[in-house]
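Novice: Sequence and predicted model, in that order:
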Amino acid sequence: MKLSRRDALKLGGTFAAAMAVGGTAEAAEATPKATAADSQAPLPTPKGPRVVVVGGGWSGLSMAKYTKLFAPTAEVVLVEQRDVFISCPVSNMWLVDKVDLEFITHDYYQAAQHHGYSYFHAAATGVDKANNTLHTTRGDIAYDYLVLAPGIDYDYSFWTDDPAVENRLRQEYPAAFRPGSEHMTLKRKIHNFKGGTFLLTVPGGNYRCLPAPYERACLIADYFKHNGIKGKVLLLDENNDITIKAHGFHTAFEELYKEYIVYEPNAVIEAIDLDKKQVKTEFDTFAFDDASFYPHVRGGRLLEVCGVAKDTVYNRLEGDIDPMTYEVRGHPNIYVTGDARPTGFSKSGNTSLSEGQNVAKMLAAKINKQAPLKWMSPVTLCISAVSAFPEHGIFIHSEYAYNPKHKQFEFATPVTDEHWKGKEGLENAQNIYGWAKACYIDMFGAAKS
């Protein structure tokens, strides 16, 4: 039976609400001070099997919660070097002042206390796989099972091998797809922009949140339009077309932002001159006044440090796992989940959240000495805003299926609504907030007053 747009939205909301009842951690300010490598972390002796989850993003939070829920005898420890969670999903709306920072900021201690696991504030530095020990900046943690959910890192090697240029790109023109200071820098750029050309890029490969660069282009253009800023968004897309929700974004570009967005597909960057503020592609040279460069992505570097990474058809150095079990090859007590997985699933919040629940069920079955569970599809429910003044949106809801002929996972039974005009477009945009609140309740346990 084919799902309608309304049914899919209802299903997605019910899914998140139902879950609510029941990274290498990303770079952070205030990383705890390192201790001697041979010291033990200040954690109580576990009374049951210990599951250590590294990375407090959407996947890690889901894994910690649901492993404890489905295997109550397990001692679950979430290792994360940030002391506060900032959501990447919905952050584009924050860039243009449609939500405040409090809406996307949440408390790791609240999540741990509500769901009955431990939050350990530290950075993971390596793994002794032979002795089942995780090394952190606050001491070693022995584990029975280890889950690595390090998210993404950026891969600037497609553009430059000069560390100085990469450093300037990271600091002066951050991508803002790893939440925190990058987003704050980009918001300041948008709000201080006086006019001219604002450059954005779309990478190739399976990058974090396929529709997000196009949504961001729309919202920045709408901000310029709403505030009378004489600027254009130049969107250089390495792909030959918009990668997802193409009809919705193309019509928004043409009907809402004809004077504000210049879209250039097949724009593979060959050289960047930051002093002249120019970008060269195979056929053209583009000038810009300010920019945010989104490079290719790769698996979080902790995977490489721990020796559990490999190059994949999608990106460099993602998890070397059995895609049906998420177990690291040769080390069945180590798992890799979330955006560092080597499959073509969407690198998005809802995908990681639902996947975490599925993998936690498989891990819990092992802990509980039950029969192994079969692979279960994660769910991608993604609502993108195409305007903010007023708000209009488009969405996709899909699961995945394995194609044995092509030996890869593909979208299965997708439901989309790319018509952003009128009542349905307004409803789609409003559902962004309801979806986000349900997901935050799922991960952290209670809605903010």
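Specialist: Received the coordinates, thanks.
Novice: what lines up beside the biggest strand by length in the chain in the sheet?
Specialist: Counting by DSSP state E, the longest strand found in the chain is strand 391-403. Within its sheet, strand 391-403 is paired with strand 380-388 (antiparallel), strand 408-417 (antiparallel), according to DSSP bridges.
Novice: Nearest to residue 437, out of the ones you listed?
Specialist: strand 380-388 (12.7 Å; Cβ to Cβ). Bear in mind the C-beta positions are built from the backbone N, C-alpha and C, glycine included.
Novice: Could you pull up the mean pLDDT of the closest one?
Specialist: In this model, strand 380-388 has an average pLDDT of 97.
Novice: low pLDDT regions in this protein?
Specialist: For the chain, the stretches with pLDDT under 70 are 1-38, 447-449.
Novice: let's see 90
Specialist: Applying pLDDT under 90 to the chain flags residues 1-38, 313-314, 405-408, 411, 413, 446-449.
Novice: And it, what are its domain boundaries?
Specialist: When the chain is parsed with automatic domain parsing, its domains come out as 23-151+300-376, 154-298.
Novice: could you redo those domains as TSV and give each row distance to residue 398 and mean neighbour count?
Specialist: Below are the domains of the chain laid out as TSV (distance: least, Cβ to Cβ, whole Å; neighbours: other Cβ atoms under 10 Å):
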stretch	distance to residue 398	mean neighbour count
domain 23-151+300-376	8	21
domain 154-298	10	19
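Novice: which stretch among those comes nearest residue 431?
Specialist: When the domains of the chain are compared (using Cβ to Cβ), the closest one is domain 23-151+300-376, at 11.8 Å.
Novice: All the helices of the stretch 1-150 of the chain, residue numbers only.
Specialist: 5-21, 58-70, 91-95, 101-104, 108-115 (DSSP state H, counting those that start in this stretch).
Novice: same question, the stretch 201-350 of the chain
Specialist: Using DSSP H, counting those that start in this stretch, helices in the stretch 201-350 of the chain cover 212-226, 246-256, 301-305, 349-367.
Novice: relative to helix 246-256, how tilted is the first one?
Specialist: Think helix 212-226. Interaxial angle, helix 212-226 versus helix 246-256 (axes from the mean of the first three to the mean of the last three Cα atoms, to 10 degrees): 10 degrees.
Novice: doesn't residue 189 make contact with residue 176?
Specialist: No - taking Cβ atoms under 8 Å as the definition, residue 176 is not a contact partner of residue 189, at 9.4 Å.
Novice: mind checking how far the residue sitting nearest the centre point of the chain is from residue 57?
Specialist: Centroid check for the chain by Cα atoms, centre = their mean gives residue 348 as the closest residue, at 4.7 Å. Distance from residue 348 to residue 57, counting by Cβ to Cβ, to the nearest Å: 11 Å.
Novice: From residue 408, how far off is the nearest residue to residue 387 once chain neighbours are set aside?
Specialist: Spatially, and ignoring its direct neighbours in sequence, residue 387 is nearest to residue 222 (5.0 Å; Cβ to Cβ, 6 or more residues apart in numbering). Distance, residue 222 to residue 408, by Cβ to Cβ: 36 Å.
Novice: longest helix of the chain?
Specialist: Ranked by residue count, the top helix of the chain under DSSP state H comes out as helix 422-444.
Novice: Just the buried residues of it, please?
Specialist: Neighbour counts using 16 or more other Cβ atoms under 10 Å place 424-429, 431-433, 435-444 of helix 422-444 among the buried residues.
Novice: So which elements touch that helix?
Specialist: helix 5-21, helix 58-70, strand 105-106, helix 108-115, helix 349-367, strand 380-388, strand 391-403 (3 or more Cβ pairs under 8 Å, 6 or more residues apart in numbering; DSSP states H and E).
Novice: Mind putting those into JSON lines with distance to residue 154?
Specialist: Converted to JSON lines, those look like this (distance: least, Cβ to Cβ, whole Å):
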{"stretch": "helix 5-21", "distance to residue 154": "29"}
{"stretch": "helix 58-70", "distance to residue 154": "18"}
{"stretch": "strand 105-106", "distance to residue 154": "23"}
{"stretch": "helix 108-115", "distance to residue 154": "24"}
{"stretch": "helix 349-367", "distance to residue 154": "18"}
{"stretch": "strand 380-388", "distance to residue 154": "22"}
{"stretch": "strand 391-403", "distance to residue 154": "25"}
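Novice: Show me the one of the ones you listed that comes nearest residue 41.
Specialist: helix 108-115 (15.2 Å).
Novice: contacts for that closest one?
Specialist: 56, 61, 64-65, 68-69, 78, 80, 82-85, 118-119, 121, 443-446 (Cβ atoms under 8 Å, 6 or more residues apart in numbering).
Novice: hang on, the earlier thing: does the residue nearest to the centre of the chain touch residue 209 like I think?
Specialist: Yes - using Cβ under 8 Å, residue 348 makes contact with residue 209 at a distance of 5.0 Å.
Novice: Could you name every residue contacting both of these two?
Specialist: Common neighbours of residue 348 and residue 209 (criterion: Cβ under 8 Å, 6+ apart): 89, 382.
Novice: Quick check: residue 157 vs residue 60, distance?
Specialist: 26 Å.
Novice: hang on, I meant residue 367
Specialist: 18 Å.
Novice: Equivalent analysis for residue 165, please.
Specialist: 32 Å.
Novice: Contacts only, for the closest residue to residue 214 other than its chain neighbours.
Specialist: Leaving aside its sequence neighbours, residue 214 sits nearest to residue 249 (Cβ to Cβ, 6+ apart; 4.5 Å). By Cβ under 8 Å, 6+ apart, the residues touching residue 249 are 211, 214, 215, 218, 242, 384, 386, 394.
Novice: so residue 39 touches residue 141, yeah?
Specialist: No - Residue 39 lies out of contact with residue 141 (Cβ under 8 Å); the separation is 10.8 Å.
Novice: isn't there a strand covering residue 378?
Specialist: No - Residue 378 is assigned coil when assessed by DSSP: H, G, I helix; E, B strand; the rest coil, not a strand.
Novice: Go ahead and confirm it touches residue 354.
Specialist: Yes - using Cβ under 8 Å, residue 378 is in contact with residue 354, at 4.5 Å.
Novice: Need the domains of the chain in JSON lines (columns: distance to residue 418).
Specialist: Compiled in JSON lines, the domains of the chain are given as follows (distance: least, Cβ to Cβ, whole Å):
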{"stretch": "domain 23-151+300-376", "distance to residue 418": "16"}
{"stretch": "domain 154-298", "distance to residue 418": "3"}
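Novice: looking at the ones you listed, which is closest to residue 416?
Specialist: domain 154-298 (6.8 Å).
Novice: And that closest one, how far out from the chain middle?
Specialist: Domain 154-298 has its C-alpha centroid displaced from the chain centroid by 18 Å (Cα atoms, centre = their mean, to the nearest Å).
Novice: Then stretch 378-385?
Specialist: Using Cα atoms, centre = their mean, the offset of stretch 378-385 from its chain centre is 12 Å.
Novice: and it, C-alpha only, in CSV?
Specialist: The C-alpha coordinates for stretch 378-385 follow below in CSV (Å, rounded to 0.1, in the frame of the first residue of the first chain):
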residue,chain,number,x,y,z
PRO,A,378,16.7,2.6,9.2
VAL,A,379,14.2,5.4,8.4
THR,A,380,15.0,8.6,6.6
LEU,A,381,12.4,11.3,7.3
CYS,A,382,13.8,14.6,6.2
ILE,A,383,11.9,17.9,5.9
SER,A,384,13.6,20.8,4.2
ALA,A,385,12.6,24.4,4.3
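Novice: Good, we can wrap up now.
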